[in-house]
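Enquirer: 3D model of this:
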Amino acid sequence: MKCDVYLTFDGNCEEAITYYKTILNGEIVMQMRYKDGPPEYSNSKIEDKIMHATITFGDGCELKVSDSFHQPLVKGNNYHVSLATDNEEQAQAIFNGLSKNGIITMPFADVFWGGKFGSCVDKFGIQWMVSVNSK
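Expert: Numbering: from 1, shown residues only. Just a heads-up that it's a prediction; the model follows:
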């Protein structure tokens, strides 16, 4: 299993990831804009904004980032703890446990980029993303 920090920005994600790349001597290894996703994720206001990007740096460090889409960004809700595993049963169990007595913000289900994904806010107010890679 892998755990990462996932940061959300209010429209300036591209600027932030370029800055972090320079400061951390990193490499942007993945970048997708909202216009690259399904039609429901694209509109003229956000189509060129970052839907997801990953920067690697140091000895195996990753930082995952995106521009806000689902909710207004409020400092404090601009991060998630992101868990990824190759085991679907494990991912489902983790998601079920974290979302119990919390709020499911995206049900754990198949996603257009492959595999399964879900997000929730646990009963303590911590935001989680849980994913399983497609086989």
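
Enquirer: mind listing the strands for this protein?
Expert: Applying DSSP state E to the chain gives strands spanning 2-9, 27-33, 50-57, 61-67, 79-85, 103-110, 116-121, 127-132.

Enquirer: now do the second one, average pLDDT.
Expert: Mean pLDDT, taken over the full extent of strand 27-33, equals 96.

Enquirer: direction included, what does that strand pair against?
Expert: Strands that pair with strand 27-33, judged by DSSP bridges, come out as strand 50-57 (antiparallel).

Enquirer: who touches the partner strand?
Expert: 9, 13-14, 17, 20-21, 24-34, 36-37, 41, 62-67, 69 (C-beta atoms under 8 Å, 6 or more residues apart in numbering). Backbone N, C-alpha and C define where each C-beta goes, glycine included.

Enquirer: which among the strands of the chain is found nearest to residue 92?
Expert: Closest to residue 92 of those, according to C-beta to C-beta: strand 103-110, at 6.1 Å.

Enquirer: pLDDT averaged over the closest one, what's the number?
Expert: The pLDDT scores in strand 103-110 average 96.

Enquirer: can you list the domains in this protein?
Expert: Using automatic domain parsing, the domain parsing of the chain gives 9-69, 78-135.

Enquirer: what about the last one, distance to the chain center?
Expert: Distance, stretch centre to chain centre, for domain 78-135: 10 Å (C-alpha atoms, centre = their mean, to the nearest Å).

Enquirer: save the domains of the chain as CSV, and put in distance to residue 2 too.
Expert: Shown next, in CSV, are the domains of the chain (distance: least, C-beta to C-beta, whole Å):
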stretch, distance to residue 2
domain 9-69, 8
domain 78-135, 5
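
Enquirer: of those, which approaches residue 3 most closely?
Expert: Nearest to residue 3 among these is domain 78-135 (5.5 Å), distances taken as C-beta to C-beta.

Enquirer: possible to save the domains of the chain as a markdown table with mean neighbour count and distance to residue 3?
Expert: Shown next, in a markdown table, are the domains of the chain (neighbours: other C-beta atoms under 10 Å; distance: least, C-beta to C-beta, whole Å):
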| stretch | mean neighbour count | distance to residue 3 |
| --- | --- | --- |
| domain 9-69 | 15 | 10 |
| domain 78-135 | 16 | 6 |
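
Enquirer: understood, closing this out.
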